[in-house]
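1. predicted structure and sequence below. I'll ask about it afterward.
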Amino acid sequence: MLYLGNLSKSYGSFLAVNNLSLHVPRGDLFGFVGPNGAGKTTTIRMLCGLLKPNFGTVHINGYELRSQSEAVRRCIGYVPDFFGVYDNLKVKEYMEFYGSIYGIDDATVRKMTGDLLDLVNLADKEEVYVDTLSRGMKQRLCVARALLHNPQLLVLDEPSSGLDPRARVEMKELLMNLNSMGKTIIISSHILADIAEMCNSVGIMNRGRLVTAGKMEDILGMGRNEHHLIIQIRSEMNKAVEHMRELPEVSLVSVRENEIVINFAGTDEEVNRIMISLMQAGVMVGGYHREESNLETLFMQLTGEAMATQLQPGLANGMMSQPQPGLANGMMSQPQPGLASGMMLQPQPGLANGMMSQPQPGLANGMMSQPQPGLINGMMPQQMGMNDGRMPQAQNGMANSASQQGGAGWNA
């Protein structure tokens with residue numbers, strides 16, 4: 001149904017979408033997730049023909065967007081993140097107005113309006129003014145409007161944004177119902193639980209790149225470690241931890257309030273033997289289960305990894321990531337002469353416990369009492385290329401720098 005090939009879009013020097021390729025099969029309910037600024041909305045607007053990419057191709061239902069834009073638009077029903085409604089129109093008039101824009105005859109519009117309003121549970125609102133509807137009702141009305149020309153592909157950008165729990169459930173049920181009727185649906189959302197529950201495929205974006213995409217069960221399987229066992233401990237936690245450390249075939253992963261997580265590659269029968277050995281050691285075991293993956297955990301894992309790969313060697317968020325000689329975590333790791341743990345070990349003249357004991361000229365309580373040239377309140381106000389002691393501009397080799405190169409030109 002949908003093919004995106006090497007799609008790229010830049011705004012000046014900022015690369016919003018970077019060489020994105022994606023295939024969404026016909027009949028899928030595809031969830032598009034990613035943090036704010038990941039490029040989801042830009043991608044959606046490009047595939048709907050509302051933004052012109054710098055490079056790449058879009059094919060929908062066999063049509064190519066550049067050369068067959070009208071045919072592509074007839075295949076798409078689009079619900080934007082900030083929908084517009086005409087407040088001085090009644091619901092029925094709103095649908096008739098958009099039907100005329102689509103070029104649908106009046107008789108067909110009237111029939112479609114009744115059917116679609118019934119589908120989105122707004123059949124009793126035909127004569128109600130749009131501005132009196134709740135946000136959830138307005139959102140469902142926009143879905144009905146997007147379906148007037150019976151598109152094969154429905155694209156929704158954050159349709160559950162700002163909805164209360166009941167309206168979210170109603171929107172989710174509506175989309176699942178449309179999908180069961182054969183509609184291919186692409187939905188972007190920050191509500192990962194809803195995406196995991198209703199979508200059968202998912203794509204995760206981060207910083208303009210598609211980190212991964214595929215069937216939901218395959219994507220969730222990426223974050224599952226089948227060797228991780230979570231054991232519930234009812235009593236004698238310390239004894240349980242000691243026992244786990246004594247087993248050579250088991251490695252202890254973490255200890256929680258009432259749980260132990262271990263890494264064990266054995267069979268279920270061997271797991272049962274471990275549980276028996278724990279109980280024989282006097283530990284009350286509440287049960288155990290294999291670690292399960294969910295979309296939220298996987299999302300945090302994959303987007304975190306994607307961010308880490310963009311940092312420069314030796315730097316993490318502008319901080320030193322690799323130990324240097326004589327440094328541990330960016331702090332002095334080895335005692336120096338006259339120092340203990342980075343602090344002065346032996347008293348020096350005029351010092352007590354490593355602090356100045358006697359006032360010195362120009363100092364009060366060990367702090368500078370008189371302004372010095374180039375100093376304000378004992379602090380340096382300006383350094384070459386620095387403001388308030390902080391670097392104002394990104395330097396070469398620093399992380400979190402936006403790409404300075406856009407894609408190749410769009411070939412008309």
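-> Sure, I can see it. Numbers count the residues shown, from 1 in each chain.
2. isn't there a helix covering Asn238?
-> Yes. Counting by DSSP: H, G, I helix; E, B strand; the rest coil, Asn238 is part of a helix.
3. measure it to Gly282 for me?
-> Distance of Asn238 to Gly282, computed by Cβ to Cβ, to the nearest Å: 11 Å. Just so you know, the C-beta spots here come from the backbone N, C-alpha and C atoms, and that holds for glycine as well.
4. can you count the residues close to the residue nearest to Thr108 when sequence neighbours are not counted?
-> Among residues not flanking Thr108 along the chain, Gly99 sits closest, at 7.5 Å (Cβ to Cβ, 6 or more residues apart in numbering). As a burial measure, Gly99 scores 20 neighbours (other Cβ atoms under 10 Å).
5. so what pLDDT did Gly99 get?
-> The per-residue pLDDT reported for Gly99 equals 93.
6. got it, and Tyr94?
-> pLDDT, read off for Tyr94, is 93.
7. I'd guess it is in a helix, am I close?
-> Yes. Counting by three-state DSSP, Tyr94 is located in a helix.
8. that one reaches Val128, doesn't it?
-> No. Applying Cβ atoms under 8 Å, one finds Tyr94 not in contact with Val128, separated by 10.2 Å.
9. neighbour count: the two, which is higher?
-> A count of neighbours by other Cβ under 10 Å puts Tyr94 above the other of Tyr94 and Val128, at 23 against 14.
10. residues touching that one, list them.
-> Tyr94 makes contact with 85-86, 130, 141, 145 under the criterion Cβ atoms under 8 Å, 6 or more residues apart in numbering.
11. relative to Met176, which of those is nearest.
-> Ranked by distance to Met176 (Cβ to Cβ), the contacts of Tyr94 are led by Leu141 at 18.7 Å.
12. low-scoring stretches of the chain, by residue?
-> Under the criterion pLDDT under 70, the flagged ranges of the chain are 83-85, 223-227, 291-293, 304-412.
13. follow-up on the earlier one: and the contacts of Tyr94, which of them are in helices?
-> Mapping the contacts of Tyr94 onto helices (DSSP state H) picks out 141, 145.
14. dump the contacts of Tyr94 to a markdown table, plus distance to Ala213 and neighbour count.
-> Output for the contacts of Tyr94, formatted as a markdown table (distance: Cβ to Cβ, whole Å; neighbours: other Cβ atoms under 10 Å):
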| residue | distance to Ala213 | neighbour count |
| --- | --- | --- |
| Val85 | 33 | 17 |
| Tyr86 | 37 | 13 |
| Val130 | 36 | 18 |
| Leu141 | 31 | 22 |
| Arg145 | 29 | 24 |
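15. just the contacts of Tyr94 now: which is nearest Gly286?
-> For these, the nearest to Gly286 is Leu141 (49.9 Å; Cβ to Cβ).
16. please tell me I have it right and the closest one contacts Lys90.
-> No. Taking contacts as Cβ under 8 Å, Leu141 lies outside contact range of Lys90: 11.1 Å.
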